[in-house]
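[1] Coordinates for the following, if possible.
(one chain, ligands or ions: 1)
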Amino acid sequence: MQVTAIDQSKLEQILAKYEGQEGVLISVLQEVQGEFGYVPREAIKNIADALKLFPSQVYGVVTFYAQFYMTPRGRNTIKVCEGTACHVLGATAVLSELKTKLGVAAGETTDDLKFNLESVRCLGTCFLAPVVMINQDYYGKLQPRDVEDILKHYD
Ligand code: FES
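    Below you'll find the predicted structure:
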């Protein structure tokens, strides 16, 4: 996936609010991600400089917390459950169909930034197995042939 250059002026506006403050790294990262949709790699040094930290410290926090992403995210997140109940009832075939239709592997984002595809362990709705969650919507008892119609809801 191509990572586009970020708008430095927007980054500077965010950093100006926090410059020199201590204990604000998480807030800064949340705001940067809110602005850009992810924490761009090229922002790490600027953030470190503004907060008087080492870039490795910033990088360490970004990579530690699952809430932060270092690559652009799609507008819709698809979570395919591969927990036991879903696996037994055909989740692998559903995931495979999604990979084919979207042209990405699990953990990747489509080039048009429309979808993130993720594989997860149990969405807590095993009675609907196999289950896919798109944003806040659940789709249960899925067959691979259902995938195309579901994706149309998000065009
Ligand atoms: S195993 Fe898929 S929802 Fe629980």
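
[2] what ranges do the helices span in the chain?
    8-18, 25-36, 44-51, 55-64, 84-88, 91-102, 147-152 (DSSP state H).

[3] At the contact with the ligand, which residues of the protein appear?
    Proximity of the chain to the ligand, by C-beta under 6 Å from any ligand atom, involves residues 81, 83, 84, 85, 86, 122, 123, 124, 125, 126, 129, 131. (Glycine included, C-beta is placed from N, CA and C.)

[4] Can you name the residues that contact the residue lying closest to residue 84 once chain neighbours are set aside?
    Setting aside the residues directly before and after it, residue 84 is nearest to residue 122 in space (C-beta to C-beta, 6 or more residues apart in numbering), at 7.8 Å. Residues in contact with residue 122 (C-beta atoms under 8 Å, 6 or more residues apart in numbering) are 81, 83, 84, 85, 86.

[5] can you pull the pLDDT of the last one?
    Pointing back at residue 86 there. On pLDDT, residue 86 comes in at 97.

[6] what stretches of the chain score poorly on pLDDT?
    In the predicted model, the chain carries pLDDT under 70 at residues 1-4.

[7] who's sitting farthest from the centroid in it?
    Ranking residues of the chain by C-alpha distance from their mean position (C-alpha atoms, centre = their mean) puts residue 20 at the top, at 29.6 Å.

[8] residue contacts, it?
    Contacts of residue 20 (C-beta under 8 Å, 6+ apart): 50, 51, 52.

[9] Just the buried ones among these, please.
    50, 51 (16 or more other C-beta atoms under 10 Å).

[10] Relative to residue 77, tell me which of the helices of the chain wins on proximity.
    Taking C-beta to C-beta, helix 91-102 is the member of those nearest to residue 77, at 12.1 Å.

[11] ok, residues contacting the closest one?
    By C-beta under 8 Å, 6+ apart, helix 91-102 touches 78, 80-83, 105-106, 110, 115, 117, 119, 129-132, 142-148, 151.
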